[in-house]
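In: With the input below, show me the fold.
(2 chains)
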Amino acid sequence: MSDDDIAKAVRTWAEQHHLDRAHLEQWLALDADSAASVLDAASRLRLRVGQLQGALGMLEEIALVERTQVSAVLARAPLKRILEGVGPAPARARAFVDELRAMRFPRLGHALEQMKAEVVALKLPRMLAVGLPKDLGSDELRIEIRVRSGTEFRESLRALAERAEGVERILDLLGGKNFSQ
Amino acid sequence: MNFELDEIVIEERCRQSALAARVISRAPAAVPVNFTADARDAVRPAIGAADPFGAGKRRMVVMHRRAPFLMACPAGSSEFACCGYLVLVLASNCPMDCSYCFLQEYLADNPGFQVYANYADAFAELERTLRRTPGRALRVGTGELADSLAFDRMTGISRELVEFCALREGLLLELKTKTDEIDNLLTVDSRGRTLVSWTLSPPQVFSSSEKRTASPAARLAAARRVLDAGYKVGFHLDPVIAYPGAERDYLALLDDLFDTISPARIAFISLGGLRMTPTLRTAARRRHPHDPLLCGEEVLAPDGRYRTFTPLRASLLRALERRIAAASPAIMRYLCMEPPSIHRRVLGHAPAPAAALGAALAER
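Out: I've put the predicted structure just below:
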């Protein structure tokens, strides 16, 4: 495909999906290989407009940070597996965006995994839930108690007290203690 | 340091001022000097410019300040740990161009580089404030809406300001800069009542994000010289940018600092993580599309700003705090625009009230 053909195909996709002008311009500003790779991904995974907008931003940022091209990012094994894989397109599209996010925020992803594992290790009874702050944007832990009787309430407090050390460990992790950079 | 100017605009009512005379006499010959009846129009964004904010930096406007010169620091908020800094506005905008700078949002509607010809009124205002608050130590700085020393070679304001403050008890002037433009300072005796502070960044941040600033080594060398000339010195590691390898680089920067200046002679070191409102982030990325440090692992924090996700930010700030404390526990440390919980996690105690911290810093 020539550069003109790629630009034409991108414009057609944008028109069919009502993509806004700013994101269309962002897409067209990519080098031709990259623009074509994004188009290929959008077609294979049947990306929704919101997914494409998010993916474009993350792809550009990953490429900038790693001093490479968007097409090179899209050629990486984890993304290629998703792009060339089988299964329903919506599920693959979600996996694609998740994978991009993991690439864009590698240390955040690692920290989240570690903390989610700590939450699972608490083995909380059904009446208790521990919620991590969105994207670890703060150091505040949300602890939810759902009970229907005084007995359940007392039980939940006892269960929580038994897990105090584990909860403190999560709070320490949220505050950056033992965080490996 | 030589900063490029496209134009100098002088407000008619300031034509005879000492500042206008100095600026005209010291301006490069190639820079046109124009006069205008009301300079408020000249500071507005240039219509049709691809980068109106950047264009504003290259248009020096010598004008009369209509508003008060003293204001509370715009970064101050009850939400955050705050140092109680009082801002003396003698200029607005900055010829340097840091990609993360909050002025890109704060001065978006008035980007012209303003210097105020009636700055003597600021001295009178300071005098009145000191009289109203007898016995209270005040820390006043000129480096919030502008770099305190950029263009000082042309304006020469720093000398008068340092001399004014040298005679006032209970007043500490802070000149905050990323330049090495200290020649004027070396010709006056501050009597220990002026503190010069530098924002310090590792070489990677300097080369990626701090256009037209002095190099980290030049800043440290300048700090050494003003210290030897009787000034106090302080340092701001702010913003701390959490790129991969940042901890190693910032710790090396601190080692360089302590090798150059004895920790015992440092008045304070402030720390603060990178933070950007969504508007600032958009403006910064539009103006600096090739700066990878603007694409770190920032997430939307509860205060509506993008900040490095908490465990990483807190861990990095704590590592720096430990290194500073190890060098000398006597160095005063504080955090800028960080919530109290991060203050406790990094410094081990709740933040002092702004006024108390401001007074303590003023008495250093």
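In: Identify the residues contacting stretch A:122-131?
Out: Contact with stretch A:122-131 is made by A:119, A:141-147, A:152, A:155-156, A:159-160, A:163, A:166-167, A:170, as judged by Cβ atoms under 8 Å, 6 or more residues apart in numbering or on different chains. Every C-beta, even on glycine, is put in place using the N, C-alpha and C of the backbone.
In: are any of the residues you listed buried, and which?
Out: Buried members of the contacts of stretch A:122-131, counted by 16 or more other Cβ atoms under 10 Å in any protein chain shown: A:Val119, A:Leu141, A:Ser156, A:Ala159, A:Leu160, A:Arg163, A:Gly166, A:Val167, A:Ile170.
In: okay, now the closest residue to chain B within chain A: neighbour count?
Out: At 3.2 Å from chain B, A:Gly176 is the closest residue in chain A, using Cβ to the nearest Cβ. Using other Cβ atoms under 10 Å in any protein chain shown, the number of residues around A:Gly176 comes to 25.
In: Roughly how far does it sit from B:Leu317?
Out: 8 Å (Cβ to Cβ, to the nearest Å).
In: for A:Trp13, same thing?
Out: 44 Å.
In: ditto for B:Ile331
Out: Separation of B:Ile331 from B:Leu317 (Cβ to Cβ): 15 Å.
In: Check A:Val119 too.
Out: A:Val119 is 25 Å from B:Leu317, by Cβ to Cβ.
In: again with B:Leu335
Out: Relative to B:Leu317, and taking Cβ to Cβ, B:Leu335 is found at 7 Å.
In: Name the nearest residue to residue 140, sequence neighbours excluded.
Out: Went with chain A since none was named. A:Pro133 (5.6 Å; Cβ to Cβ, 6 or more residues apart in numbering or on different chains).
In: that answer is for a different chain, and I need it for chain B
Out: Per Cβ to Cβ, 6+ apart, closest to B:Val140 is B:Leu86, 4.7 Å.
In: circling back: wouldn't the residue of chain A closest to chain B be in contact with B:Arg345 here?
Out: Yes. Contact criterion Cβ atoms under 8 Å: A:Gly176 and B:Arg345 qualify, at 6.7 Å.
In: what touches both of the two?
Out: B:Ala314, B:Arg318.
In: List the residues that are in contact with both of B:Leu335 and B:Leu317.
Out: B:Leu271, B:Ile342, B:Val346.
In: Say whether chain A is contacted by the strand or helix carrying the second one.
Out: Using DSSP states H and E, the secondary-structure element containing B:Ile342 is helix B:340-347. Yes. Helix B:340-347 comes into contact with chain A (Cβ under 8 Å from any Cβ of the partner chain), by way of B:Ser341, B:Ile342, B:Arg345.
In: quick one: the first one from B:Thr277, how far?
Out: For B:Ser341, the distance to B:Thr277 equals 20 Å [Cβ to Cβ].
In: how about the helices in the chain?
Out: I'll assume chain A. Applying DSSP state H to chain A gives helices spanning A:3-16, A:21-28, A:32-45, A:49-65, A:70-74, A:77-84, A:89-104, A:106-121, A:150-162, A:164-174.
In: wrong one, I was asking about chain B
Out: Under DSSP H, chain B gives helices at B:18-26, B:52-57, B:103-106, B:120-132, B:152-155, B:157-166, B:203-209, B:216-228, B:246-260, B:278-287, B:310-327, B:340-347, B:354-362.
In: B:Arg66: how many residues sit nearby?
Out: Around B:Arg66 there are 8 residues (other Cβ under 10 Å).
In: again with the one 5 residues further on
Out: For B:Met71, the number of neighbouring residues by other Cβ under 10 Å comes to 14.
In: Quick one: neighbours of the nearest residue to A:Ala102 once chain neighbours are set aside, just the number.
Out: Leaving aside its chain neighbours, A:Ala102 sits nearest to A:Gly109 (4.6 Å; criterion: Cβ to Cβ, 6+ apart). For A:Gly109, the count of nearby residues is 15 (other Cβ under 10 Å).
In: Please apply the same query to B:Asn118.
Out: By the criterion of other Cβ under 10 Å, B:Asn118 has 16 neighbours.
In: ok, and the closest non-adjacent residue to it?
Out: B:His64 (5.2 Å).
In: what residues are up against the one you found?
Out: B:His64 neighbours (Cβ under 8 Å, 6+ apart): B:Glu11, B:Arg13, B:Cys14, B:Ala39, B:Tyr116, B:Ala117, B:Asn118.
In: Let's see which of those end up in strands.
Out: B:Glu11, B:Tyr116 (DSSP state E).
In: Need the contacts of B:His64 in TSV (columns: pLDDT and distance to B:Glu127).
Out: Formatted as TSV, the contacts of B:His64 follow (pLDDT from 0 to 100; distance: Cβ to Cβ, whole Å):
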residue	pLDDT	distance to B:Glu127
B:Glu11	98	25
B:Arg13	97	23
B:Cys14	97	22
B:Ala39	97	26
B:Tyr116	98	17
B:Ala117	98	19
B:Asn118	97	15
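In: Out of the contacts of B:His64, grab the one that's most surrounded.
Out: B:Tyr116 (26 neighbours).
In: and it, what is it in contact with?
Out: B:Leu19, B:Met63, B:His64, B:Arg65, B:Phe69, B:Val89, B:Leu90, B:Ala91, B:Ala122.
In: quick one: which of those residues is nearest B:Tyr243?
Out: B:Ala91 (30.9 Å; Cβ to Cβ).
In: The closest one against B:Gln114, yeah?
Out: Yes. Using Cβ under 8 Å, B:Ala91 is in contact with B:Gln114, at 6.2 Å.
In: Compare those two and say which is more crowded by neighbours.
Out: Using other Cβ under 10 Å, the more surrounded residue of B:Ala91 and B:Gln114 is B:Gln114, with 27 against 24.
In: what is that one paired to in the beta sheet?
Out: Beta bridges link B:Gln114 to B:Val61, B:Ser92, judged by DSSP bridges.
In: That one contacts B:Leu90, doesn't it?
Out: No. Using Cβ under 8 Å, B:Gln114 is not in contact with B:Leu90; the gap is 9.4 Å.
In: follow-up on the earlier one: packing partners of the helix holding B:Ile342?
Out: helix B:310-327, strand B:332-335 (3 or more Cβ pairs under 8 Å, 6 or more residues apart in numbering or on different chains; DSSP states H and E).
In: by how many degrees do it and helix B:310-327 diverge?
Out: Angle, helix B:340-347 to helix B:310-327, by axes from the mean of the first three to the mean of the last three Cα atoms, to 10 degrees: 40 degrees.
In: between helix B:340-347 and helix A:164-174, what angle do the directions make?
Out: 90 degrees.
In: okay, B:Cys83: pLDDT?
Out: As predicted, B:Cys83 sits at a pLDDT of 68.
In: related to what we said a few turns ago, more crowded one of B:Ile331 and B:Leu317?
Out: Neighbour count, other Cβ under 10 Å: between B:Ile331 and B:Leu317, B:Leu317 has more, with 27 against 19.
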